[in-house]
Every structure is written in structure tokens, then in C-alpha cells.
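J.: Got a predicted structure plus its sequence, pasted below:
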Amino acid sequence: MAVEVVYRSSRDLERLFMDKAEADRHDKMLELAELLADVLKKAVPSLDDKQVEDAGIYMAKNRDIFAKAFKSQPDALNELLTATADTAEQA
């Protein structure tokens, strides 16, 4: 009988991870997404909860690209635009 160690995200109890570092990264991403959603909701009150949650998660998942864009490299966002266009073409 084999024993497996799995890790659960404290913010997403449905997800299990085989690696503690991966679970920690996921938790940090969700924490950032929640804060981003709060800021977006305050900045644009007309957005509904689902929209701010989706936008927060999207921005948190792509934080490295947004960080480059905010550090005087706005062209970094082209990577997201290209990925979005590729996804739309595949659908």
C-alpha cells in the first residue's frame, strides 16, 4: 500500500497539489486576485462580482506580464493580446 502526500490550498479547498511550493504559489495567486478584485470593484463600481473576480484572477495569473507593462514596457501586454487572439481562433 502506497502513501501519497498531497497539499491543499487554504483558499481553494477543491484543489490538491503534489508539491507544497505549488500549493503555496496557488494560494498567493488567489490572495493577489482577491486584492485586485477589491481594487477593481472600488475603481469601477458598475462591475458585478463575477466580473471583478474573473479580472482579478486573470491579472494575478498574468502578474509577471502586467509587472513588465507597469515598469515602462507596455508592449509586454501584446503577449496577452496574442494569446487571447489565438484562443479565440481555436474556438
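T.: Right, received. Where do you want to start?

J.: just checking, what's the longest helix in this protein?
T.: helix 20-43 (DSSP state H).

J.: just checking, what packs against that helix?
T.: Contacts defined by 3 or more C-beta pairs under 8 Å, 6 or more residues apart in numbering; DSSP states H and E place helix 20-43 against strand 7-8, helix 49-61. C-betas here are computed from N, CA, C, even on glycine.

J.: For that helix, the averaged confidence score.
T.: For helix 20-43, mean pLDDT is 95.

J.: tell me the angle of it relative to helix 49-61?
T.: 130 degrees (axes from the mean of the first three to the mean of the last three C-alpha atoms, to 10 degrees).

J.: Return the distance of helix 20-43 from the chain's centre.
T.: 7 Å (C-alpha atoms, centre = their mean, to the nearest Å).

J.: do stretch 57-64 as well
T.: On C-alpha atoms, centre = their mean, the centre of stretch 57-64 falls 4 Å from that of its chain.

J.: That concludes my questions; thank you for your assistance.
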